[in-house]
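A.B. asks: predicted model and sequence follow; I will ask about them next.
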Amino acid sequence: GTPSPVTRHSATPGRSASGVALSGQGTAGTRTTSPAPSAPGVGTSRSPTVTWTGYAGTGCASAGAAVTSFNAKEGAWKETTGGAYLHGCGAARYINLYDDHDDGWTANADWVFTPGTKVDACSFRIHVATGTWATTAHYKVYDVDSTVDGQADYKYAFTFDQHTYDAGGWYTTRAYPFRTGTIDLTLTNTGPAGGRGVVADMVTATCS
(Lines give C-alpha, C1' and ligand atoms only; values in the text may rest on other atoms or scores of the structure.)
Protein backbone atom coordinates (compact mmCIF):
# COMPACT_ATOMS: atom_id res chain seq x y z
CA GLY A 1 0.00 0.00 0.00
CA THR A 2 0.98 3.67 -0.06
CA PRO A 3 3.03 4.67 3.00
CA SER A 4 1.49 7.30 5.23
CA PRO A 5 3.52 10.38 6.11
CA VAL A 6 6.52 9.45 8.23
CA THR A 7 7.88 11.77 10.88
CA ARG A 8 11.38 11.26 12.18
CA HIS A 9 11.71 14.47 14.14
CA SER A 10 9.42 16.84 15.99
CA ALA A 11 10.05 20.55 15.72
CA THR A 12 9.67 22.75 18.77
CA PRO A 13 7.29 25.62 17.96
CA GLY A 14 9.31 28.39 16.38
CA ARG A 15 12.39 26.24 16.05
CA SER A 16 13.91 23.95 13.48
CA ALA A 17 14.43 20.26 14.12
CA SER A 18 17.98 21.04 15.24
CA GLY A 19 16.66 23.36 17.93
CA VAL A 20 17.91 26.50 16.21
CA ALA A 21 15.41 29.34 16.28
CA LEU A 22 13.92 29.99 12.86
CA SER A 23 14.83 33.42 11.58
CA GLY A 24 14.29 35.69 8.64
CA GLN A 25 10.63 36.45 9.32
CA GLY A 26 9.64 39.98 8.45
CA THR A 27 7.05 42.02 10.29
CA ALA A 28 3.84 40.59 8.93
CA GLY A 29 1.49 42.68 6.89
CA THR A 30 3.51 45.86 7.21
CA ARG A 31 5.11 48.34 4.88
CA THR A 32 8.47 50.02 5.28
CA THR A 33 10.04 52.65 3.11
CA SER A 34 13.68 53.42 2.50
CA PRO A 35 14.70 56.43 0.45
CA ALA A 36 16.95 55.75 -2.50
CA PRO A 37 20.28 57.63 -2.44
CA SER A 38 20.51 60.83 -4.44
CA ALA A 39 22.64 60.77 -7.56
CA PRO A 40 25.83 62.86 -7.36
CA GLY A 41 25.09 66.50 -8.04
CA VAL A 42 21.31 66.03 -7.86
CA GLY A 43 19.45 67.80 -5.09
CA THR A 44 16.33 65.59 -5.01
CA SER A 45 16.17 61.86 -4.28
CA ARG A 46 14.12 59.27 -6.13
CA SER A 47 10.82 57.99 -4.76
CA PRO A 48 11.30 55.67 -1.76
CA THR A 49 11.12 51.91 -2.24
CA VAL A 50 8.04 50.37 -0.63
CA THR A 51 8.53 46.96 1.01
CA TRP A 52 5.62 44.80 2.17
CA THR A 53 5.81 41.53 4.10
CA GLY A 54 3.10 39.07 5.02
CA TYR A 55 2.56 35.43 5.98
CA ALA A 56 -0.05 32.72 5.66
CA GLY A 57 -0.34 29.22 7.03
CA THR A 58 -2.76 26.69 8.48
CA GLY A 59 -5.35 28.71 10.37
CA CYS A 60 -3.26 31.90 10.36
CA ALA A 61 -2.60 34.94 8.19
CA SER A 62 -1.22 38.45 8.49
CA ALA A 63 -3.06 41.56 7.36
CA GLY A 64 -3.22 41.52 3.57
CA ALA A 65 -3.08 37.71 3.38
CA ALA A 66 -5.57 34.85 3.50
CA VAL A 67 -5.43 31.72 5.65
CA THR A 68 -3.99 28.87 3.57
CA SER A 69 -6.75 26.96 1.79
CA PHE A 70 -6.53 23.22 1.17
CA ASN A 71 -8.63 21.73 -1.63
CA ALA A 72 -8.94 18.12 -2.73
CA LYS A 73 -11.07 16.45 -5.39
CA GLU A 74 -9.47 13.11 -4.49
CA GLY A 75 -7.75 12.09 -1.28
CA ALA A 76 -7.33 14.48 1.65
CA TRP A 77 -4.74 16.81 3.15
CA LYS A 78 -3.65 15.27 6.46
CA GLU A 79 -1.98 16.96 9.41
CA THR A 80 1.70 16.19 9.93
CA THR A 81 4.25 17.32 12.50
CA GLY A 82 7.45 19.29 11.94
CA GLY A 83 5.85 22.56 10.81
CA ALA A 84 7.04 26.09 11.50
CA TYR A 85 4.35 26.82 14.13
CA LEU A 86 5.03 30.58 13.96
CA HIS A 87 2.47 33.37 14.47
CA GLY A 88 -0.03 30.88 15.86
CA CYS A 89 -0.07 28.79 12.68
CA GLY A 90 -1.34 25.25 12.97
CA ALA A 91 0.12 21.97 11.77
CA ALA A 92 1.52 21.44 8.30
CA ARG A 93 -0.52 19.30 5.88
CA TYR A 94 0.54 16.40 3.66
CA ILE A 95 -1.03 14.69 0.65
CA ASN A 96 0.10 11.87 -1.64
CA LEU A 97 1.01 12.60 -5.23
CA TYR A 98 -1.43 11.88 -8.02
CA ASP A 99 0.08 10.23 -11.09
CA ASP A 100 -1.08 12.24 -14.10
CA HIS A 101 1.19 13.23 -16.98
CA ASP A 102 -1.19 15.96 -18.15
CA ASP A 103 -0.82 18.08 -15.01
CA GLY A 104 -4.29 16.98 -13.94
CA TRP A 105 -3.82 17.62 -10.23
CA THR A 106 -6.58 16.56 -7.89
CA ALA A 107 -5.60 18.67 -4.86
CA ASN A 108 -3.91 21.97 -4.14
CA ALA A 109 -2.89 24.31 -1.35
CA ASP A 110 -3.22 28.05 -1.88
CA TRP A 111 -1.54 31.10 -0.30
CA VAL A 112 -3.04 34.46 -1.37
CA PHE A 113 -1.38 37.82 -0.66
CA THR A 114 -2.78 41.27 -1.45
CA PRO A 115 0.06 43.76 -0.93
CA GLY A 116 -1.50 46.31 -3.25
CA THR A 117 -0.29 48.12 -6.33
CA LYS A 118 2.48 50.16 -4.68
CA VAL A 119 4.69 47.09 -5.05
CA ASP A 120 5.27 45.18 -8.27
CA ALA A 121 7.18 42.00 -7.38
CA CYS A 122 7.16 39.44 -4.55
CA SER A 123 9.42 36.59 -3.49
CA PHE A 124 8.31 33.70 -1.27
CA ARG A 125 9.91 31.82 1.62
CA ILE A 126 8.32 28.38 1.81
CA HIS A 127 8.65 26.30 4.96
CA VAL A 128 9.07 22.56 4.45
CA ALA A 129 8.03 20.46 7.43
CA THR A 130 10.47 18.08 9.06
CA GLY A 131 10.63 14.39 8.33
CA THR A 132 7.78 13.84 5.86
CA TRP A 133 7.94 11.56 2.85
CA ALA A 134 8.06 14.46 0.41
CA THR A 135 9.42 14.68 -3.12
CA THR A 136 9.53 17.21 -6.00
CA ALA A 137 6.80 19.81 -5.50
CA HIS A 138 5.08 21.74 -8.29
CA TYR A 139 4.18 25.39 -7.60
CA LYS A 140 2.39 28.02 -9.69
CA VAL A 141 2.13 31.79 -9.27
CA TYR A 142 -0.98 33.76 -10.29
CA ASP A 143 -1.71 37.49 -10.39
CA VAL A 144 -5.31 36.86 -9.25
CA ASP A 145 -6.86 34.91 -6.40
CA SER A 146 -7.13 31.57 -8.16
CA THR A 147 -9.34 30.15 -5.40
CA VAL A 148 -12.23 32.29 -6.68
CA ASP A 149 -11.35 32.13 -10.37
CA GLY A 150 -11.02 28.52 -11.44
CA GLN A 151 -10.25 29.56 -15.03
CA ALA A 152 -7.27 31.75 -14.09
CA ASP A 153 -4.05 31.30 -16.04
CA TYR A 154 -0.88 31.06 -14.00
CA LYS A 155 1.98 33.44 -14.82
CA TYR A 156 4.97 31.48 -13.51
CA ALA A 157 5.79 27.93 -12.41
CA PHE A 158 8.67 26.32 -10.55
CA THR A 159 9.59 23.10 -8.77
CA PHE A 160 11.96 22.04 -6.03
CA ASP A 161 12.66 18.79 -4.23
CA GLN A 162 11.11 19.04 -0.78
CA HIS A 163 12.98 15.88 0.23
CA THR A 164 16.24 17.89 0.35
CA TYR A 165 14.67 19.80 3.26
CA ASP A 166 13.87 16.66 5.24
CA ALA A 167 15.44 18.16 8.35
CA GLY A 168 13.13 21.16 8.03
CA GLY A 169 13.91 24.54 6.54
CA TRP A 170 12.97 27.36 4.20
CA TYR A 171 13.11 27.50 0.41
CA THR A 172 13.37 31.03 -1.02
CA THR A 173 12.15 31.84 -4.52
CA ARG A 174 13.12 34.61 -6.89
CA ALA A 175 10.91 37.70 -7.15
CA TYR A 176 7.86 37.36 -9.41
CA PRO A 177 6.51 40.56 -11.05
CA PHE A 178 2.80 41.42 -11.02
CA ARG A 179 0.63 44.52 -11.46
CA THR A 180 -2.76 43.64 -10.00
CA GLY A 181 -2.18 44.10 -6.26
CA THR A 182 -2.77 40.36 -5.68
CA ILE A 183 -0.30 37.50 -5.94
CA ASP A 184 -1.24 33.87 -5.36
CA LEU A 185 1.05 30.89 -4.76
CA THR A 186 -0.32 27.38 -5.24
CA LEU A 187 1.09 23.90 -4.63
CA THR A 188 -0.42 20.93 -6.47
CA ASN A 189 -0.20 17.20 -5.93
CA THR A 190 0.59 16.42 -9.55
CA GLY A 191 3.54 14.12 -10.16
CA PRO A 192 4.51 10.46 -10.25
CA ALA A 193 2.82 8.42 -7.57
CA GLY A 194 4.94 6.00 -5.61
CA GLY A 195 4.57 6.38 -1.89
CA ARG A 196 5.56 10.01 -1.57
CA GLY A 197 3.72 13.30 -1.72
CA VAL A 198 4.07 16.98 -0.93
CA VAL A 199 3.80 18.99 2.25
CA ALA A 200 2.25 22.46 2.70
CA ASP A 201 3.11 24.75 5.59
CA MET A 202 3.68 28.43 6.30
CA VAL A 203 4.74 30.81 3.49
CA THR A 204 5.99 34.38 3.83
CA ALA A 205 5.95 36.96 1.04
CA THR A 206 8.30 39.92 0.69
CA CYS A 207 7.32 42.49 -1.93
CA SER A 208 8.78 45.72 -3.26
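C.D. replies: Sure thing, it's come through.
A.B. asks: what count of nearby residues applies to A129?
C.D. replies: Burial of A129, expressed as a neighbour count using other C-beta atoms under 10 Å, amounts to 30. Bear in mind the C-beta positions are built from the backbone N, C-alpha and C, glycine included.
A.B. asks: wouldn't it be in contact with Y85 here?
C.D. replies: No. Between A129 and Y85 no contact is recorded; they are 9.9 Å apart, counting by C-beta atoms under 8 Å.
A.B. asks: show me where pLDDT drops low in this protein?
C.D. replies: Per-residue confidence of the chain (counting by pLDDT under 70) places the weak regions at 1-48, 100-103, 150, 194-195.
A.B. asks: let's see that with 90 instead.
C.D. replies: Counting by pLDDT under 90, the chain has low-confidence residues at 1-50, 73-75, 96-106, 130-135, 147-152, 165-168, 189-196.
A.B. asks: state the phi and psi torsions of the closest residue to T147 other than its chain neighbours.
C.D. replies: Closest residue to T147 apart from its sequence neighbours, by C-beta to C-beta, 6 or more residues apart in numbering: D110 at 5.1 Å. For D110, the backbone dihedrals are phi -140, psi 130 (criterion: degrees, to the nearest 10).
A.B. asks: D110 contacts T68, doesn't it?
C.D. replies: Yes. In this structure, D110 is within contact of T68 by C-beta under 8 Å, at 6.7 Å.
A.B. asks: who has more neighbours, these two?
C.D. replies: T68 (27 against 22).
A.B. asks: against L187, how distant is the more buried one?
C.D. replies: T68 is 10 Å from L187, where distance means C-beta to C-beta, to the nearest Å.
A.B. asks: overlap in contacts, these two.
C.D. replies: Common neighbours of T68 and L187, counting by C-beta atoms under 8 Å, 6 or more residues apart in numbering, are A109, D110, A200.
A.B. asks: show me what the second one bridges to in the sheet.
C.D. replies: D110 has these beta-bridge partners by DSSP bridges: S69, T186.
A.B. asks: for it, give me its contacts.
C.D. replies: Under the criterion of C-beta under 8 Å, 6+ apart, the contact list for D110 reads T68, S69, F70, N71, S146, T147, D184, L185, T186, L187.
A.B. asks: repeat for the last one
C.D. replies: Neighbouring residues of A200 by C-beta under 8 Å, 6+ apart: T68, F70, W77, A92, R93, Y94, I95, A109, L187.
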